[in-house]
Structures are given as structure tokens and as C-alpha cells.
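*Asks:* sequence isn't available, so here's the structure alone:
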């Protein structure tokens, strides 16, 4: 089996590549041509995967990769994935995150016999008033969320129009020690490690009351793979079904190193406030549990602890 992963150097892409290699796959990945490529997340498996230079904004590079690889499965994980930055770069975000999915569908899927996974997001639902499942209306509140809705709907449209195996996994917030430093969870754990090591005095945060359904990315990539192993293509919500606030995350992270979070945290809501905030997100993954027999295996406390421990190790110099 051959798999092609866009975004292979990111958090999800690196975990998925590891998972598929363990399954015996030949793993290919798309990487952008940069003056200084960042292979940090795949350094340990770089010799085991086959990398192709390309970009989600460049149809020709995708078509070239598709003809060369002819994969059995395609996982579209690449995007401009930082929600906050999508207000600063809404056009670029829509081009990469939204239209990028269309270019992958056209290059790899439409005329080829392979399966397609689209990385959809809980951000598509906005401030939903209840627990979110596959039938919850889409009401995005950011350019990123809007771009993900476009990619999600295009995946559905191509599945219904061309009778292809294409699915969207609606993954709720999932973190790991490989999460980028711009994301609040990793910002917290990295700051905790630096404060513990005496390299930083304070952690600056914005809205600490925002609540999210946080899981472990390593658990979630298994669900991606399982969705492509089904006989019938089905979109599914992947979530823990439990919510915690940014404040909860912060408190537990500092507790891991024996510190009181209140003594080291300052607030700057003006600097970190988004034009439109999401207050609360909680997912219902009953469908995934029934059809995939999938459940998250890492709880919130363990997630926070493993992220803090990894950052402590990074700063142990």
C-alpha cells in the first residue's frame, strides 16, 4: 500500500507517517520548497519516507506527484492551520486551506482509483449551542473556519458527483509535543518549561475562559486511517466528548512542575483577542465509536503532562 500525505512535516502528518510506516505502507509526503526546510517532526523517519517538493497552491506540482506516486490513499493534512493568523491573511488561508483541497482532489482523486481523507475542523461549527455531531449546522467564525467549510463541502461534492471514496474527518482540537509554538497549548507548556528552568519570568495569555475538546494527536491519526479502511465513505466527528478551559490547561501544566500558575501568568486580552471568538466546543464521536470502534486512549491530564515533560526535556540544556 502507498500513501501520500500533504503536510507530512506538521504535527498530524508526522504522527500519521509513523503510524502508516508501522503498518507496512510506502509513505510519500509533500513538502514546500523553502530556503531552510523544517524537518524537525520527521527527522527520525526522514530516511523511511519519500518526499516530493510541491505546494497546495501549485496544481502542476500536485499533478506531477500524483502521476509519479499513484497512491492508494491520500491524506490532505496541509493547511494554514493557525486560526488567529487567518484574519491577517484571509486570502492566503482560503487559497491554501480551502482551494488547496480542491487542487488535491483534482490532481489525485478525480480520475484515479484511490481513497481521499480531508482534514476538516471543529472550527467549522462556530459557537454551536450544543454538543456537535455530523449533522450540526456549519457556522464558522473565522476565515480559517470558512476555508475549512469550503474544503469540507468540496469533498462531499466530489464524492457525490464522481462516486469516489472521499471522506472528511472532523477533528476537534488535538495537541501533542509536536504542536507548533503559536498554538496556546504548546505556548503554555513551553513557557512552563522555561519558567521552571529559570529562562522566562511570565506567561502572557488572552482569553483563558475559552473551552475546547482537547485530545492527543497521536490517537487521532489512527481514526484518519480507520476511516479509509471502511467499505463505505462516511464523514465522522473525532473528539473526546469532554471540554476544558485554557485556564484548566494552564493550571495543570504549572502543577506538573510544582508551581502556582497564578504567580506566573499575566493577561493581555487586547493583544490576543480575535475579531470573533469561539467560547465553547464539544464533540460527539458516537459514530466513530460505532463504525470504527475508535475511542481516544489519552486523557486530558496525561496529554498536558506529556507535553510539559517534552518541553522540559527540550530546555534541559
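*Replies:* Thanks, I have the structure now. As the structure is a computational prediction, the values presented were derived from the model and not from experiment.
*Asks:* which secondary structure element contains residue 27?
*Replies:* strand 26-31 (DSSP states H and E).
*Asks:* any low-confidence regions in the stretch 101-250 of the chain?
*Replies:* Applying pLDDT under 70 to the stretch 101-250 of the chain flags no residue at all.
*Asks:* count the residues that sit near residue 159.
*Replies:* Close neighbours of residue 159, defined as other Cβ atoms under 10 Å, add up to 20. (C-beta placed from N, C-alpha, C; glycine too.)
*Asks:* can you give me phi and psi for the closest residue to it other than its chain neighbours?
*Replies:* Nearest-residue entry for residue 159: residue 166, 4.3 Å, with adjacent residues in sequence omitted and distances by Cβ to Cβ, 6 or more residues apart in numbering. Reported as degrees, to the nearest 10, the phi and psi values for residue 166 are phi -130, psi 130.
*Asks:* so in terms of bridging, what pairs with residue 166?
*Replies:* residue 116 (DSSP bridges).
*Asks:* all helices for the stretch 51-200 of the chain, in order.
*Replies:* Counting by DSSP state H, counting those that start in this stretch, the segments of the stretch 51-200 of the chain that form helices are 59-69, 90-93, 100-104, 143-162, 184-196.
*Asks:* ranking those by burial, who's on top?
*Replies:* Compared across those, helix 100-104 shows the largest average neighbour count, a mean of 25 (mean count of other Cβ atoms under 10 Å).
*Asks:* hmm, back to that, can I get the helices of the stretch 51-200 of the chain in TSV with distance to residue 302?
*Replies:* Conversion of these to TSV gives the following (distance: least, Cβ to Cβ, whole Å):
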stretch	distance to residue 302
helix 59-69	36
helix 90-93	32
helix 100-104	32
helix 143-162	28
helix 184-196	13
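*Asks:* out of those helices, which gets nearest to residue 228?
*Replies:* Ranking the helices of the stretch 51-200 of the chain by proximity to residue 228 (Cβ to Cβ) places helix 143-162 first, at 12.8 Å.
*Asks:* for residue 289, which non-adjacent residue is closest in space?
*Replies:* The shortest distance from residue 289 to any non-neighbouring residue, by Cβ to Cβ, 6+ apart, is to residue 295 (5.8 Å).
*Asks:* quick revisit: could you check the angle helix 59-69 makes with the strand holding residue 27?
*Replies:* Angle of strand 26-31 versus helix 59-69, following axes from the mean of the first three to the mean of the last three Cα atoms, to 10 degrees, is 170 degrees.
*Asks:* quick one: contacts of strand 26-31?
*Replies:* With Cβ atoms under 8 Å, 6 or more residues apart in numbering as the contact definition, strand 26-31 has outside contacts at 1-9, 13, 17, 20-21, 37, 42, 48-56, 62, 65, 69, 71, 78.
*Asks:* buried among those residues? Need that as a selection in ChimeraX.
*Replies:* Selection of buried members from the contacts of strand 26-31 for ChimeraX, criterion 16 or more other Cβ atoms under 10 Å:
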select :2,3,4,5,6,7,8,9,13,17,20,42,49,51,52,54,55,56,62,65,69,71,78
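*Asks:* from the contacts of strand 26-31, which land in strands?
*Replies:* 2, 3, 4, 5, 6, 50, 51, 52, 53 (DSSP state E).
*Asks:* wait, which of the residues you listed is closest to residue 144?
*Replies:* Among the ones in strands among the contacts of strand 26-31, residue 6 lies closest to residue 144 (Cβ to Cβ), at 16.6 Å.
*Asks:* quick check: closest non-adjacent residue to the closest one.
*Replies:* residue 78 (3.8 Å).
*Asks:* my read is that the one you found contacts residue 118, right?
*Replies:* No: in this structure, residue 78 is not within contact of residue 118 by Cβ atoms under 8 Å, at 11.0 Å.
*Asks:* identify the contacts common to those two.
*Replies:* Both residue 78 and residue 118 lack any common contact, where contact means Cβ under 8 Å, 6+ apart.
*Asks:* which helix or which strand is home to residue 227?
*Replies:* Going by DSSP H and E, residue 227 is in helix 217-228.
*Asks:* from the chain's centre, how far out does that helix sit?
*Replies:* 11 Å (Cα atoms, centre = their mean, to the nearest Å).
*Asks:* could you do stretch 57-71 as well?
*Replies:* Worked out by Cα atoms, centre = their mean, stretch 57-71 lies 23 Å from the chain centre.
*Asks:* pull the residues that contact that stretch.
*Replies:* 2-4, 28, 30, 50, 52-56, 95-96, 99-100, 103-104, 106-108, 112, 114.
*Asks:* how many neighbouring residues does the nearest residue to residue 104 once chain neighbours are set aside have?
*Replies:* Using Cβ to Cβ, 6+ apart and skipping residues adjacent in sequence, the residue nearest residue 104 is residue 76, 4.9 Å away. The number of residues packed near residue 76 is 28, by other Cβ under 10 Å.
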